[in-house]
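Asks: how would this look folded up:
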Amino acid sequence: MYLKNSALVSFLVILTLVYSCANQTSPTGGPRDEDAPVLLNSSPQHESLNFSGQKVELEFDEYLKLKNPKEEIMITPRITGDYEIKLKKTKVIIELDDTLKSNTTYTFNFRESIQDLNEGNFPENLQLAFSTGPYLDSLSISGTSFHLLSNKKANDITVGLYESNDTLDVFNSPPVYLTKTNKSGEYIFNNIKNGTYDIYAIKDKNKNLKLESRTESYSFSNQPILLDSSLIDLPLPLINLDITPLVLQNSRVSGHYFLAKYNKYIEKYDLISLDSMSILPPSSISQDHREIKFYNSHQGVDSTGVIITAYDTLLNTIQDTVFVKFEETKRKRDQFEITYSQISIDKENPIVKTMLQFTKPSQITNLDSIYYQVDSTTHIHPDTSNLQWNDNNTQLSIELPLDKSIFDEPELLIPDKTDSITLEHKTSSTLDSIKNKVDTKLLSESSKSTQVLNLDNQLHFKPTAFISAETDSSLLHSEKINFIRKESLATLLLTVQTDETSYTLQLLDKQDKVTHESINQKTLVLNNLKPNTYRIRILIDTNQNGTWDIGSIIERIIPEPVIFYKDDEGNEEIPLRANWELGPLIIKF
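Replies: Numbering: from 1, shown residues only. Here you go, the predicted structure:
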């Protein structure tokens, strides 16, 4: 019995071993390969002279893959013919269609194009330089590119050099020398021939190596670079500015409206009637600032001659004459809507501030229909000095000063809510019918209206406070303003030390939105700031014309200087917490 059991156990052990051997698997885990491919040999050799071939070959120590080689591999100076890039296991071969120029130094910058097969590691700063003549050019230019108004580093920006005595430039031709910025915004040209160059940087979205200013940011130098020694730390600040000529593309009737459409952003426009006896129809500008819309406020269809002078962001102008007309249509009119900005009140200088945005040109029907209610007995009405319309009456700014004494209470709170007023809008075809509907609604909902209007600390807009160019009328009621306590806010103290006489200081929040702006002030106390991370931007008005100028690439005028405050450790960000008072920060420029 013992022998039988022993034989059975031996059989099971052998069976287990055989099964294990028959089902072997690959080992798992292990360290990740973080080593980049190593260049073993190249033809031609780096920094070799008198090269006359049409094939460049590199051999590495492991199997490779290519990543966007035609985009990643930068060949300078630019070659005229085409070329083909081949991969053969551990070799990269570049075959040129045309013979290279004589007595010229060429640099092949491979960037991230050559990677190992599995992990995608690439050899950093891999370059191959050689000359077709007896000497090697050795000059270089380096620097950084960044977005001028945000100071953020600019990655993947094409930087190009053009020979200054050539008619070719960034608008009509690829550059002679080109490179790209890395993730830190850094760029470098190596092995450049001495000479005089123009330098440009562009965000080349369509990859045609030419500037399309409508969609691409760019930078440029205001004068040629005389390169007789290497240059370092040459900054290239990027701007966004469409320089294409302003053109009226078309003017036409569309439903109830007449539209004048332009090819680019319109900063502003002026209207003059051809007939001094005719009244100009109301107008507004579209959200993208490329279309002017005219409204048929008189319900007529006669044509009105109008001279439009439109201005782009460079304040270049174009003047066109259009004949505004309207047609009978059954299409619906645009909805009349009103939005508004946050209401803010400063305890030390109490002013009720808000901004109303209208989808159609509008006007106030009765100034008494707007008031701030402190309590059940105190109503404060604005006068015309407290109201400011924009040019086409689509935006209304209200700044209503209050007596500081009405807030002398220990429980004083500071308002902070974007949705502090609720506006309800209803439309009808004529003002009379609107008023009838409003009166009926007020009677039927008198208890609700009374309850709303008796709440304190509200900005009120009575029914029919506003009427649009198409006789839409507003029906509004207010909601209680929400408040936060004074100690939930922060204070920032600033001291400016500068010899500049004309400048604008801006406080930017984390989203780069301007939260405060002051002109030519040396001492600033910024109260009631929300807890946030801020930065300080200074716009220098060097020509002292009262505004910061963005310059012109056509006239080779660079933008006026922009400076960002940095602390002693080089940090731009200024964190502010609730109930903090920070500063004074010394701002030197």
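Asks: per-residue confidence at the closest residue to residue 292 other than its chain neighbours?
Replies: Nearest in space to residue 292, with sequence neighbours left out and distances taken as CB to CB, 6 or more residues apart in numbering, is residue 260 at 4.4 Å. Placement of C-beta: from N, CA and C, glycine included. At residue 260, the predicted lDDT confidence score is 98.
Asks: cool, and the one 5 residues further on?
Replies: According to the predicted model, the pLDDT of residue 265 comes to 94.
Asks: and it, what does it touch?
Replies: Listed by CB atoms under 8 Å, 6 or more residues apart in numbering, the contact partners of residue 265 are 242, 288-290, 312-313.
Asks: Equivalent analysis for residue 518, please.
Replies: Residue 518 sits next to 504-505, 524 when contact means CB under 8 Å, 6+ apart.
Asks: what's the answer for residue 520, then?
Replies: 501-503.
Asks: And residue 202, by the same measure?
Replies: 157-158, 160, 170, 210-211, 216-219.
Asks: All the helices of the stretch 401-550 of the chain, in order from the start?
Replies: Using DSSP state H, counting those that start in this stretch, the helices of the stretch 401-550 of the chain run over residues 431-444, 446-453.
Asks: Could you do the chain as well?
Replies: 2-22, 69-72, 431-444, 446-453 (DSSP state H).
Asks: circling back: from the contacts of residue 202, which land in strands?
Replies: 158, 160, 218-219 (DSSP state E).
Asks: which of these has the most neighbours?
Replies: residue 160 (27 neighbours; other CB atoms under 10 Å).
Asks: Wait, it touches residue 174, no?
Replies: Yes - judged on CB atoms under 8 Å, residue 160 makes contact with residue 174 at a distance of 7.3 Å.
Asks: For the nearest residue to residue 73 once chain neighbours are set aside, the count of nearby residues, please.
Replies: Nearest residue to residue 73, sequence neighbours excluded (CB to CB, 6+ apart): residue 113, at 5.0 Å. Applying other CB under 10 Å, we find 22 other residues in the vicinity of residue 113.
Asks: from the contacts of residue 518, which single one is nearest residue 380?
Replies: Checking these against residue 380 with CB to CB, the nearest one is residue 524 at 29.2 Å.
Asks: these two touch, right, the closest one and residue 494?
Replies: Yes - with contacts counted by CB under 8 Å, residue 524 reaches residue 494, the gap being 4.3 Å.
Asks: Tell me which of these two has more neighbours.
Replies: residue 494 (23 against 19).
Asks: Quick check: that one vs residue 253, distance?
Replies: Using CB to CB, to the nearest Å, residue 494 is found at 54 Å from residue 253.
Asks: cool, residue 558 as well?
Replies: 44 Å.
Asks: Could you check which of these two is surrounded by more residues?
Replies: Between residue 558 and residue 253, residue 558 has the larger neighbour count (other CB under 10 Å), namely 18 against 15.
Asks: Could you find the closest non-adjacent residue to the more buried one?
Replies: residue 222 is the one closest to residue 558 (CB to CB, 6+ apart), at 4.5 Å.
Asks: pLDDT wise, what is that neighbour at?
Replies: Value for residue 222, per-residue pLDDT: 93.
Asks: what do residue 160 and residue 174 both touch?
Replies: With CB under 8 Å, 6+ apart as the test, residue 160 and residue 174 both reach residue 209.
Asks: I'd like to check which residues are in contact with residue 293.
Replies: Residue 293 neighbours (CB under 8 Å, 6+ apart): 257-259, 283-286.
Asks: Of these - the most surrounded one?
Replies: Counting by other CB under 10 Å, top hit in the contacts of residue 293: residue 258 with 25 neighbours.
Asks: distance of that one from residue 295?
Replies: Taking CB to CB, one finds residue 258 at 8 Å from residue 295.
Asks: Overlap in contacts, these two.
Replies: What both residue 258 and residue 295 touch, as defined by CB under 8 Å, 6+ apart, is the set residue 281.
Asks: Enumerate every residue touching residue 115.
Replies: Contacts for residue 115 (CB under 8 Å, 6+ apart) come out as 37, 64-67, 121-122.
Asks: could you redo the last one with a cut-off of 6 Å?
Replies: By CB atoms under 6 Å, 6 or more residues apart in numbering, the residues touching residue 115 are 65, 67, 122.
Asks: mind checking pLDDT for the second one?
Replies: The confidence metric pLDDT takes the value 94 at residue 67.
Asks: which residues sit in contact with it?
Replies: Contacts of residue 67 (CB under 6 Å, 6+ apart): 112-113, 115.
Asks: ok, now with 10 Å
Replies: 111-115, 120, 122 (CB atoms under 10 Å, 6 or more residues apart in numbering).
Asks: burial of residue 588, as a residue count?
Replies: Neighbour number of residue 588 under other CB under 10 Å is 9.
Asks: if I look at it, how far off is residue 524?
Replies: For residue 588 relative to residue 524 (CB to CB), the value is 15 Å.
Asks: Over to residue 118?
Replies: Per CB to CB, residue 118 is found 57 Å from residue 524.
Asks: Could you do residue 579 as well?
Replies: 20 Å.
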